[in-house]
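Enquirer: Pasting the sequence and the predicted model now:
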Amino acid sequence: MKKSLSKILKNQKGQGVMEYVIISSLVGIVCITAVKGFGDVIKERVEDMKSSIVKNIKNT
C-alpha cells in the first residue's frame, strides 16, 4: 500500500512540474510574439515621426 501511494505522489509531483513547464513556455512564446509585433509598430511610428521632423526642418 505504501509503495503504490508513494508512486502516485511521485507521479503527481512530476505532473505539476510538467504543467508549470508547459505554462511557462506558452507565456514565453506569447511574450516574444507580442514584443515582435509591437516592435514593428513602434519602429514604423518612429520612422514616421523622424521623416515628419526632417520635413519640417527643411521647410523652415
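Expert: Received it, and whenever you're ready, just let me know what you need. Numbering: from 1, shown residues only.

Enquirer: how about the helices in the chain?
Expert: Counting by DSSP state H, the segments of the chain that form helices are 2-59.

Enquirer: so where's it shaky on pLDDT?
Expert: Counting by pLDDT under 70, the ranges of the chain that qualify are 1-13.

Enquirer: could you redo the last one with a cut-off of 90?
Expert: The model of the chain has pLDDT under 90 over residues 1-21, 34-42, 58-60.

Enquirer: Can you pull up the most central residue in it?
Expert: Cys31 (1.3 Å; Cα atoms, centre = their mean).

Enquirer: any idea how far that one is from Ile22?
Expert: From Cys31 across to Ile22, the span is 15 Å (Cβ to Cβ, to the nearest Å). Quick note: C-beta positions are derived from backbone N, CA and C, even for glycine.

Enquirer: With Phe38 instead?
Expert: Using Cβ to Cβ, we find Phe38 at a distance of 25 Å from Ile22.
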